[in-house]
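Q: Can you look at this prediction? I've put the sequence above it.
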Amino acid sequence: MLSRTADNLFWLSRYVERAESLARILETTQRLASLPTAYGGLTNEWESAVATAGCKAEFLAKHEEANQDAVVNYLAFDRENPSSILNCFETARHNARSVRTALTMEMWEAINGAWLELRRMADRRLEGEELTRFLGWVKEIGLRFDGSAHRTMLRNDIYDFSRMGMLLERADNTARILDVKYHLLLPEQGEVGGGLDYYQWSAILRAVSAATSYHWVYRQSLKPWLIADLLLLNDQMPRSLAACYAELVRHLDYLARAYGRQGEAQRIARGSRVKLENADIRDIFQSGLHEFITGFISENSRLGSAIHEQYLS
């Protein structure tokens, strides 16, 4: 396969996953911001949204205050934000057109239809139920594209590059969502375990579609260390770091066999996978959850660079 084709496939899936993750971040923020006043804390949930998306500095350079209108517009429709939902779908469609013959009809229709529909929404001001419906629609597009890829693509190198882009992006977003809750939204000491803390953790689980999974696995009330265990180390949870890296290692191994050589990408992925397999959530909390997640995000970025150098450049 040409490296340019592999690059288009990789970033196509990555941008679709990023758009869906932004919708999940905004949906969670909308839910937290609408909590009754009695549960209100000293944190700004809308500021936490741009922090989770990794664009807080860029946002604050353009806006004086992180309020709902500014954050929703910036993360959903702002042309100057390269990772806005609108720009994610536009870039994804551009990549999809470049590799049209490598995609199944269902995948192309999902991304092309989403882009055409989103262009009609770009000038609308979204709030309340309309915002909720929009975010649900974005998530549905992500699920439709991902489901089409899973159910209709041949299991070859085209599929491997497509899935690797999605998995790298998903791992990064899961880590950031958990880190922002624990590092930025953590209530004052006296409120930890209180109503605000409970609703924040519940919203984080909903953001990654893990609320039901949590109760099936642990059968307990919400506890921060168990939520972290689920999202970091549990192989059964599809959006966990461990599950993402188990799949990344598998796809990189397929490519190594198909192309007859291994490289830095395989070594980094296996190293991160082994670290997650051997980690214990009690040790992670003792040494610092924020430090662990920060280290993971850095390693995840390093893997993305290694994949680019090894296959996409």
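A: That came in fine, so what should we check first?

Q: Flag every buried residue along stretch 51-63.
A: Ala51, Thr52, Ala53, Cys55, Lys56, Glu58, Phe59, His63 (16 or more other CB atoms under 10 Å). From N, CA and C alone the C-beta is placed, and that goes for glycine too.

Q: Report the mean confidence score over the longest helix anywhere in the chain.
A: Taking DSSP state H as the criterion, the chain has its longest helix at helix 3-33. When pLDDT is averaged over helix 3-33, the result is 92.

Q: Nearest to Arg18 among the buried residues of stretch 51-63?
A: Ala53 (8.9 Å; CB to CB).

Q: From the buried residues of stretch 51-63, pick the one nearest Ser305.
A: For these, the nearest to Ser305 is Cys55 (19.7 Å; CB to CB).

Q: Got the phi and psi for the closest one?
A: With angles defined as degrees, to the nearest 10, Cys55 sits at phi -130, psi 30.

Q: List the contacts of it.
A: Tyr74, Leu75, Asn81, Ser83 (CB atoms under 8 Å, 6 or more residues apart in numbering).

Q: Among these, which lie within helices?
A: Per DSSP H, the contacts of Cys55 map to helices at Tyr74, Leu75.

Q: Pipe the contacts of Cys55 into TSV and attach distance to Leu205 and pLDDT per row.
A: Listed next are those as TSV, based on distance: CB to CB, whole Å; pLDDT from 0 to 100:
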residue	distance to Leu205	pLDDT
Tyr74	25	95
Leu75	21	95
Asn81	27	95
Ser83	24	93
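
Q: From the contacts of Cys55, pick the one nearest Ser221.
A: Once CB to CB is applied, the member of the contacts of Cys55 that ends up nearest Ser221 is Leu75, at 31.6 Å.

Q: can you count the residues close to the closest one?
A: 26 (other CB atoms under 10 Å).

Q: Let me see the contact set for it.
A: Leu22, Ile25, Leu26, Ala49, Val50, Ala53, Cys55, Asn81, Ser84, Ile85.

Q: Let's see if you can find the most crowded of those residues.
A: Ile85 (29 neighbours).

Q: Contacts only, for that one.
A: Ile85 neighbours (CB under 8 Å, 6+ apart): Ala19, Leu22, Ala23, Leu75, Ala76, Phe77, Leu118, Val138.

Q: Flag the shaky bits of the protein, pLDDT-wise.
A: For the chain, applying pLDDT under 70 flags the ranges 35-43, 122-123, 181-197.

Q: on that earlier part again, pick the one among the contacts of Ile85 closest to Ser209.
A: Nearest to Ser209 among the contacts of Ile85, with distances taken as CB to CB, is Ala23, at 12.0 Å.

Q: The residue nearest to the closest one when sequence neighbours are not counted and Gly304: what is the separation?
A: Leaving out its chain neighbours, the residue that sits closest to Ala23 by CB to CB, 6 or more residues apart in numbering is Val138, at 3.7 Å. Distance check for Val138 against Gly304: by CB to CB, to the nearest Å, it reads 23 Å.

Q: neighbour-wise, which of the two wins?
A: Val138 (24 against 20).

Q: any idea how far Arg151 is from that one?
A: Distance from Val138 to Arg151, by CB to CB: 20 Å.

Q: Please apply the same query to Val99.
A: Distance, Val99 to Arg151, using CB to CB: 19 Å.

Q: Those two: which is more packed in?
A: Taking other CB under 10 Å, Val99 and Arg151 do not tie; Val99 has more neighbours (22 against 10).

Q: Please name the residues that touch the residue nearest to the more buried one when sequence neighbours are not counted.
A: Using CB to CB, 6+ apart and skipping the chain neighbours, the partner closest in space to Val99 is Asn8 (4.5 Å). By CB under 8 Å, 6+ apart, the residues touching Asn8 are Asn95, Ala96, Ser98, Val99.
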